[in-house]
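>>> A structural model of the following input is requested.
(one chain, ligands or ions: 2)
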Amino acid sequence: MSGTSRAVLATAVDTLEVVDVTLPDVGSADVRVEVRAAGVCHSDLSLLNGTLSPTFPVVLGHEAAGVVVETGSGVLDLSPGDHVVLNWAPPCRTCWFCLAGEPWLCQVLEGVVSVPGGTVQGQQVHTALGVGAFCEHVVLPARAVVPVPAELPLDVAALLGCAVLTGIGAVRQTARVRSGESVAVWGLGGVGLSAVAGARWAGAAPIIAVDISPAKEPLARALGATHFLTPDVPVTKEIRRLTGGRGVDHAFECIGRPDTIRTAWQAARRGGQAVVVGVGPRSSEVTFNALELFHFNRRLTSSVFGSGDPARDVPMLAEQVLAGSLDLEPLVTSRISLDELPEAFDRMRAGIGARSVIVMDGSSRS
Ligand code: PAD
Ligand code: ZN
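Ligands and ions are numbered 1, 2, ... in the order given. Below is the predicted model of the structure:
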């Protein structure tokens, strides 16, 4: 199958264009997927504004779900019509890290930001994180898609591909939060709100949500936060007051800023842990003095893609959503078209809403 697909292309820093992309042919190990829903993640904004240094021009988008429309001759376990979540980090399953059971650290994926894929008027373009999901179709290796039940709404399914896997995985897999432990989360975008949902699912209490935007309070509470704070109050002091004077067992930073990473670390109890989920730029430094590192005995770690394996975790999360034990519906606060992506980035910069999801109706050219 050939032809062009409409896509949002970042042609340079802070410059977007809607273009027709000619995708590569479907190789024997590949599938072609008609993208039906694609979430707008902060990592897309970080690609657009240059924080993550992609190679331009790049088709943005990496958090998506759709329907398989074509399979390569060697693909035996997927068929046209299957609903799938796209996976921006398909592990190789053969490197040292994969074999050691840490596929989120797969050596082949390390540092992958943009990958050549497709052309626009004969010129090579790249795809964000090897996916490029802000496009009507994608061609990916079959191992980069994960089948999900057709009953799962595709807009919610899309979020399983990044925000939800990351936020819930940070809580349940990286930090291994247990029932009754206290949690605080900084930054209530799709990722932080998913961490809040994961904390509720784990039975954590209290669950303290922190965001600069007061408009996030109802969203945070809908996903399970028991308390909501803005930085207008002395956050660490208030968190200690809510946790018997100690600080939280687990603090999750879901923004990627040195000041909030530092605050999250300070808000953890002695012997507790701070998990950096947000991705900041190389130029941002966080400082600690030697005495406090010793004295507080806290762990400081990061969570890469929720310390998970999409092939295992996406179907498990889909099952929980369908069973009604995980309500992710509040995460989708805007459903938009491809052309409305600039406004979605504006909302993200202003801290409005949770996830904007680009919805495509599937009636497009192919
Ligand atoms: P988002 O922009 O939707 O949400 C960020 C939130 O942080 C917003 O609600 C802001 O209002 C809030 N915020 C901003 N500044 C402050 C501040 N100073 N104090 C308190 N709150 C503030 O982002 P997102 O949820 O899409 O992504 C969050 C981060 O997670 C981002 O850095 C992204 O690149 C990263 C990410 N990490 C992984 C991973 O594997 N660790 C995966 C996907 C995304
Ligand atoms: Zn993402």
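
>>> residues in contact with the residue of the stretch 251-366 of the chain found nearest ligand 1?
Of all residues in the stretch 251-366 of the chain, Gly351 sits closest to ligand 1, at 2.9 Å by Cβ to the nearest ligand atom. Placement of C-beta: from N, CA and C, glycine included. Neighbouring residues of Gly351 by Cβ atoms under 8 Å, 6 or more residues apart in numbering: 211-213, 215-216.

>>> now for those: which two are most distant?
Ile212 and Ala215 (10.1 Å; Cβ to Cβ).

>>> not including adjacent chain positions, what is the nearest residue to the closest residue to ligand 1 within the stretch 1-150 of the chain?
In the stretch 1-150 of the chain, the residue that lies nearest ligand 1 is His42 (3.1 Å; Cβ to the nearest ligand atom). Spatial nearest neighbour of His42, chain neighbours left out: Gly189 (5.9 Å); criterion: Cβ to Cβ, 6 or more residues apart in numbering.

>>> what's near enough to touch that neighbour?
With Cβ under 8 Å, 6+ apart, Gly189 has these contacts: 42, 163, 254, 348, 354-355.

>>> just send the residues you listed back as TSV, with neighbour count too.
Below are the contacts of Gly189 laid out as TSV (neighbours: other Cβ atoms under 10 Å):
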residue	neighbour count
His42	23
Ala163	29
Cys254	31
Met348	20
Ala354	28
Arg355	29
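
>>> which phi and psi does the residue of the stretch 251-366 of the chain closest to ligand 1 have?
phi 70, psi 40 (degrees, to the nearest 10).

>>> cool, the one 5 residues further on as well?
Note on Ser356: backbone dihedrals following degrees, to the nearest 10 are phi -90, psi 130.

>>> same check, this time on the one 4 residues further on
Met360 adopts backbone torsions of phi -120, psi 140, taken as degrees, to the nearest 10.

>>> okay, and the residue nearest to Gly308 when sequence neighbours are not counted sits in which element?
Nearest residue to Gly308, sequence neighbours excluded (Cβ to Cβ, 6+ apart): Gly169, at 4.1 Å. Following DSSP states H and E, one finds Gly169 within helix 163-169.

>>> try Ala220
In this structure, Ala220 is located in helix 217-223 according to DSSP H and E.

>>> what about that helix, near ligand 1?
No. Helix 217-223 is not in contact with ligand 1 by Cβ under 6 Å from any ligand atom; minimum separation 8.8 Å.

>>> could you point out which element follows the helix or strand Ala274 falls within?
Assigned by DSSP H and E, Ala274 falls within strand 268-276. Following strand 268-276 in sequence order, the next helix or strand is helix 290-296 (DSSP H and E).

>>> separation between the residue lying closest to Gly132 once chain neighbours are set aside and Thr260?
Nearest residue to Gly132, sequence neighbours excluded (Cβ to Cβ, 6+ apart): Val59, at 3.4 Å. Distance, Val59 to Thr260, by Cβ to Cβ, to the nearest Å: 30 Å.

>>> same question for Glu17.
Taking Cβ to Cβ as the measure, Glu17 falls 33 Å from Thr260.

>>> between the two, which one's more packed in?
Ranked by neighbour count (other Cβ atoms under 10 Å), Glu17 and Thr260 place Thr260 first, with 25 against 12.

>>> quick one, phi/psi of the closest residue to ligand 2 within the stretch 51-200 of the chain?
For the stretch 51-200 of the chain, the residue closest to ligand 2 is Cys162, as judged by Cβ to the ion, at 3.3 Å. Phi and psi for Cys162, reported as degrees, to the nearest 10, are phi -150, psi -70.
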